[in-house]
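Enquirer: what follows is a predicted structure for the sequence shown.
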Amino acid sequence: MAYFDWHDEPGYYRDVTRHFAPEAKILDLGCGSAWVGRHFEHYTGLDASPEAVAAAAERGITVIQGSVVDRLPFDDASFDGVIAKDLLEHVPDPIAVVREIARVLRPGGRVFASSPDAQRWVWDDYTHLRAFTRNGFRRLFIDGGLPPITVSYESVMPGTGVLAARLPSRRRPLPLRVLTWLPGWRRNVWVLAQRPAA
């Protein structure tokens with residue numbers, strides 16, 4: 001099983017997609033299986049894995065092979081929304097990536113990003129270079145030119161996706177969202193930030 005196969009569409013997919021209009025032009029960085037492409041007509045994924053690109057192509061989803069470590073291969077102000085789900089913990093220079101996200105976003109465009117909270121379980125994934133606190137994630141986006149609208153936690157306790165998949169909302173249940181504020185709860189930090197309109 002390839003690494004990107006671990007990160008197929010979660011049962012709580014609406015916790016990600018709800019931040020963007022269905023007609024939005026979306027860029028999905030480190031897209032893996034490109035599951036986000038099932039929800040947006042104007043979708044472009046970017047992933048370093050040739051296997052991920054080939055798997056997406058078989059499903060008719062546009063994914064470009066490339067690395068977020070380099071300058072993104074898109075013009076300035078090309079996208080209404082950018083998704084960087086579980087990405088920034090893998091890169092050596094996250095501020096450079098956030099600045100590139102700001103560059104390719106249209107004025108008023110939004111970014112949703114998530115990353116593991118700074119807890120011991122984070123290091124069980126050998127591909128993680130860092131973890132973030134909620135405040136550190138907020139500052140990363142401020143310094144990158146993308147003022148946050150919301151910074152919060154999301155539950156990544158085992159079984160969360162299975163439970164959310166059984167709900168009509170396809171979101172994490174409210175009790176799990178509340179419990180993420182307890183110390184020791186297995187969680188990610190997430191941010192919804194926006195490129196200033198002016």
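Expert: Arrived safely. Bear in mind the structure is a predicted one, so any value in this text is a computation, not a measurement.

Enquirer: what helix or strand does Ala52 sit in?
Expert: helix 50-58 (DSSP states H and E).

Enquirer: parallel or antiparallel, list what pairs with the helix or strand just after that helix.
Expert: Proceeding N to C from helix 50-58, the next assigned helix or strand is strand 63-65, under DSSP H and E. Here strand 63-65 is paired, per DSSP bridges, with strand 42-47 (parallel).

Enquirer: helices or strands up against the helix holding Ala52?
Expert: strand 42-47, strand 63-65 (3 or more CB pairs under 8 Å, 6 or more residues apart in numbering; DSSP states H and E). (Each C-beta comes from the backbone N, C-alpha and C, glycine too.)

Enquirer: what sits opposite Ala113 in the beta ladder?
Expert: Residues in beta-bridge contact with Ala113 (DSSP bridges): Ala84, Val191.

Enquirer: could you count how many residues lie near it?
Expert: For Ala113, the count of nearby residues is 29 (other CB atoms under 10 Å).

Enquirer: and the angle from the helix holding Ala52 to strand 42-47?
Expert: Counting by axes from the mean of the first three to the mean of the last three CA atoms, to 10 degrees, helix 50-58 points 160 degrees away from the direction of strand 42-47.

Enquirer: return the alpha-carbon coordinates of helix 50-58 using CSV.
Expert: Taking Å, rounded to 0.1, in the frame of the first residue of the first chain, the C-alpha atoms of helix 50-58 are listed here in CSV:
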residue,chain,number,x,y,z
PRO,A,50,4.0,9.5,-9.7
GLU,A,51,1.7,6.7,-8.4
ALA,A,52,-0.7,9.3,-7.0
VAL,A,53,-0.7,11.1,-10.3
ALA,A,54,-1.3,7.9,-12.3
ALA,A,55,-4.1,6.8,-9.9
ALA,A,56,-5.9,10.1,-10.2
ALA,A,57,-5.6,10.0,-14.0
GLU,A,58,-7.3,6.6,-14.1
